[in-house]
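J.: sequence and predicted structure, then a few things I'm wondering about:
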Amino acid sequence: MKKSSLGKSFLGRIIVRALSAMAQGLFASLLIGTIIKTIGQQMGLPLVVEAGSFAMSMAGPAMAISIAYAMHASPLVIFSMAAVGMAANTMGGAGGPLAVFVISLIATGFGYLVGGRTKIDILITPLVTIGVGIAISYLMAPAIGTAASSVGNLIMWATTQQPFVMGILVSVIVGMALTLPISSAAICAALGLTGLAGGAALAGCCAQMVGFAVMSINENGINGLISQGLGTSMLQMGNIVRNPRIWLPPIIVSAITGPLATCLFHLEMNGPAISSGMGTCGLVGQIGVYTGWMNEIAEGSRTAITTSDWTDLILISAVLPAILTPLVALVFRRMRWINKGDLKID
């Protein structure tokens, strides 16, 4: 029994450590790249747009290298993971981050097995690490991508429901996808998720990011508030593995703000569909809504951006998640479902 318990604990520590590192790799590539690209597009700076695109294209290598580094792999294994991450992310599609996570752990393990065991380690270790990683990518990444696409199918089904139900389902599902090691932005872009459904998706993503940021401020301080609120709620994925109950407050709040966005505020995302899955990450989601407003003005379907428009967007994006999530979390803290330190980011 003790061995089994220790084994589970060891595996749990590996998963938590890898997820935490992967979130940082994702932010340092795809997310920051999307922010840079959005800034470039808004300011009309082609070189900045290109810089953002380059950063976004490096998401797979950045995540894989981060995972290998967190596993304390040797330098040869870490450097070899660039190719593995690129292959897994490319072949995984919308499920790219999840594919990178699984395949990087396996490839890193094989790198451990052969590393330093021969006199030609500089050849053997990269050869085995890259060979195994890419071979497994061919075998597993497309299936993982298909599984992630099923989330997209669920979202599309949800968009066919009446606005109240649609608001709840899309907000909750896309919000959870944003925190999970799959790409909510890629899913929204692939589905062309705009209009009221895009507004609901934005609400769910904001509930996750702002919700986690504010409810964990005592553990993570201002740095944690910014890194989650303007970065990614995926930073909490390791803690969710430890205690899944910490995920309930943002999910519950997304089920509230989603239908408010669709039925009360009639919030629509008529900018780029990818913005629907970005939440408050670099304010890309909010910039997307603003871009949609400007497009409507240019088309003549909107005369101006009103104070009410801005108020609705701010309420859904920041104010309601910041108020409601800590209140729900307080109930769970009193029930001992969430305890001190459960939301601490490594």
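T.: Nice, thanks for sending it over. Source: prediction; values computed, not measured. Numbers count the residues shown, from 1 in each chain.
J.: how about residue 173, nearest residue that isn't a chain neighbour?
T.: Excluding the flanking residues, the one nearest residue 173 by CB to CB, 6 or more residues apart in numbering is residue 155, at 5.5 Å. The C-beta positions use only the backbone N, C-alpha and C, and glycine is treated the same way.
J.: that neighbour: neighbour count?
T.: Neighbour count for residue 155, taken as other CB atoms under 10 Å: 24.
J.: same check, this time on residue 44
T.: Using other CB under 10 Å, the number of residues around residue 44 comes to 8.
J.: which SS class is the closest residue to residue 317 other than its chain neighbours?
T.: Nearest non-adjacent residue to residue 317, counting by CB to CB, 6+ apart: residue 206, 4.7 Å away. Following DSSP: H, G, I helix; E, B strand; the rest coil, residue 206 is assigned to helix.
J.: residue 206 and residue 280 touch, don't they?
T.: Yes: between residue 206 and residue 280 there is a contact under CB atoms under 8 Å: 5.4 Å.
J.: how many other residues sit next to residue 273?
T.: Close neighbours of residue 273, defined as other CB under 10 Å, add up to 22.
J.: my read: it touches residue 187, true?
T.: No: taking CB under 8 Å as the definition, residue 273 is not a contact partner of residue 187, at 9.6 Å.
J.: overlap of the contact sets of these two?
T.: Residues touching both residue 273 and residue 187 by CB atoms under 8 Å, 6 or more residues apart in numbering: residue 193.
J.: which other helices and strands contact the helix ranked longest in the chain?
T.: As assigned by DSSP state H, the longest helix anywhere in the chain is helix 121-159. Using 3 or more CB pairs under 8 Å, 6 or more residues apart in numbering; DSSP states H and E, the elements in contact with helix 121-159 are helix 75-92, helix 96-114, helix 163-179, helix 184-191, helix 195-215.
J.: save those as TSV, and put in distance to residue 336 and mean neighbour count too.
T.: Shown next, in TSV, are those (distance: least, CB to CB, whole Å; neighbours: other CB atoms under 10 Å):
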stretch	distance to residue 336	mean neighbour count
helix 75-92	38	24
helix 96-114	31	24
helix 163-179	23	25
helix 184-191	31	25
helix 195-215	16	31
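J.: closest one to residue 18 among those helices?
T.: Closest to residue 18 of the helices and strands packed on helix 121-159 is helix 96-114 (CB to CB; 6.1 Å).
J.: what is the host helix or strand of residue 253 packed up against?
T.: Using DSSP states H and E, residue 253 maps to helix 248-259. Other elements packing on helix 248-259 under the criterion 3+ CB pairs under 8 Å, 6+ apart are helix 163-179, helix 195-215, helix 320-334.
J.: pLDDT of it, averaged?
T.: For helix 248-259, mean pLDDT is 97.
J.: which residue packs closest to residue 332, ignoring adjacent ones?
T.: residue 338 (4.6 Å).
J.: could you check the pLDDT of the most far-flung residue of the chain relative to its centre?
T.: Distance from the centre of the chain peaks at residue 119, with 41.5 Å (CA atoms, centre = their mean). pLDDT, residue 119: 81.
J.: doesn't it fall inside a helix?
T.: No: checked against three-state DSSP, residue 119 lies outside a helix; its state is coil.
J.: can you tell me how far it is from residue 80?
T.: According to CB to CB, to the nearest Å, residue 119 stands 18 Å off from residue 80.
J.: re earlier: nearest to residue 35, out of the helices and strands packed on helix 248-259?
T.: For residue 35, the closest of those is helix 195-215, at 13.3 Å, according to CB to CB.
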